[in-house]
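**Q** this one's sequence-less:
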């Protein structure tokens, strides 16, 4: 039996949700850097979002579980630090899904573009950090609701 | 050279480990929920960086020690962190002042390490520098907000700066380990970071309407391991409690 093509494997990985923000996939998040066959072994290169992110271990387990469920039994996960993860690698599909979910997607300007609840533009920062390492806490002055903002790094 | 490289990596990793643990002591105790979350996240980044630095230290040493072994199975005299990192939290202002004085140094240092001749060091520095840039933005902003705040907050921040500033000098003291690192192109001479550090801290502390104390005296002995403060041992009894009580326990 031949190897599954890498395009198919990317497709499988795109079905693995981020453990902390399940509306986006690991591929959307931009942390899967490479998928390649090395002989009979599939090598998946993963980069961490934040060096202390507690989800990193769960992410590796989820990748392994998903690929094994698809019949990949020889698997190696490689950690890559450089180039360091950036929110520029978040997919457009992922950014749209975040906003739909109530998390303002990262913006090049470094601050959220609009309230993910009401679209309001009068925004204020509550805290530079939020419920996970990748988020900050903001509030909309129009609808008065707080919301998470996916930090831009 | 190998031992100097190991020592250098311990210095990097012990700074983030000890400061990360200190900051984590705030978890559940900060003045407001948002600050509690911010402090816990800062601690998390620092512990994450520790895993990278001490993991590499163990690999360079070549005796099979993991990052966990180095963190939990050494005693105070084997730690190589700056004394600044082990000082008690004090009040919220003192914690944020300590954080700012460290973050400022870390951003300058990591910027230089990104050009290290050792690819592994350069990669960790590239990763950690993004987090450090975010930290200094917050700690610097908070120092300005509190320093240029009320009479009470200003007085507390000035007191914090007066207490902590004599611990800054240690960051720029070089020794044989540093000389070996410079020679190998792995890390910069600590003294070379001073001008950039003074420019950054001078700008922020000036905006915070705080006065940098006169006097050149520097407490030192942490990064060489010659003499830590009494505070480190107390910190370790808490941080290493599980491994001390149940040696070899695993999750």
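**A** Received it, and whenever you're ready, just let me know what you need. Worth saying up front: this structure is predicted, and the values here are computed from it rather than measured.
**Q** The residue nearest the centre of chain A and residue A:52, how far apart?
**A** The residue lying closest to the centre of chain A (CA atoms, centre = their mean) is residue A:29, at 2.4 Å. Note on residue A:29: its distance to residue A:52, by CB to CB, to the nearest Å, is 17 Å. Every residue, glycine included, has its C-beta placed from N, CA and C.
**Q** Can you pull the residues of chain B lying near chain A?
**A** When proximity is defined by CB under 8 Å from any CB of the partner chain, chain B lies next to chain A at B:34-35, B:37-38, B:40-42, B:44-49, B:51-52, B:122-124, B:126-128, B:130-131, B:134, B:137-138.
**Q** Now the buried members of those.
**A** If you count burial by 16 or more other CB atoms under 10 Å in any protein chain shown, the buried members of those come out as B:34-35, B:37-38, B:40-42, B:44-49, B:51-52, B:122-124, B:126-128, B:130-131, B:134, B:138.
**Q** sec struct for the one residue in the stretch 1-150 of chain B that gets nearest to chain A, please.
**A** Among the residues of the stretch 1-150 of chain B, residue B:48 lies nearest to chain A; the distance is 2.4 Å by CB to the nearest CB. At residue B:48 the chain is in helix, as set by DSSP: H, G, I helix; E, B strand; the rest coil.
**Q** That one and residue A:51 touch, don't they?
**A** Yes. Proximity of residue B:48 to residue A:51 meets the contact threshold set by CB atoms under 8 Å, at 3.3 Å.
**Q** Please list the residues of chain A that sit near chain B.
**A** Chain A has residues A:48, A:50-54, A:81-84, A:126-131, A:133, A:137, A:151, A:153 near chain B, with proximity defined as CB under 8 Å from any CB.
**Q** how far away is the residue of the stretch 1-150 of chain B closest to chain A from residue A:27?
**A** Per CB to CB, residue B:48 is found 23 Å from residue A:27.
**Q** what's the answer for residue B:85, then?
**A** 38 Å.
**Q** between those two, who's got more neighbours?
**A** Set residue B:85 next to residue A:27 and count neighbours by other CB atoms under 10 Å in any protein chain shown: residue B:85 wins out with 26 against 21.
**Q** can you give me the offset of the helix or strand harbouring that one from its chain's centre?
**A** Assigned by DSSP states H and E, residue B:85 belongs to helix B:83-86. Centroid separation between helix B:83-86 and its chain, computed with CA atoms, centre = their mean, to the nearest Å, is 7 Å.
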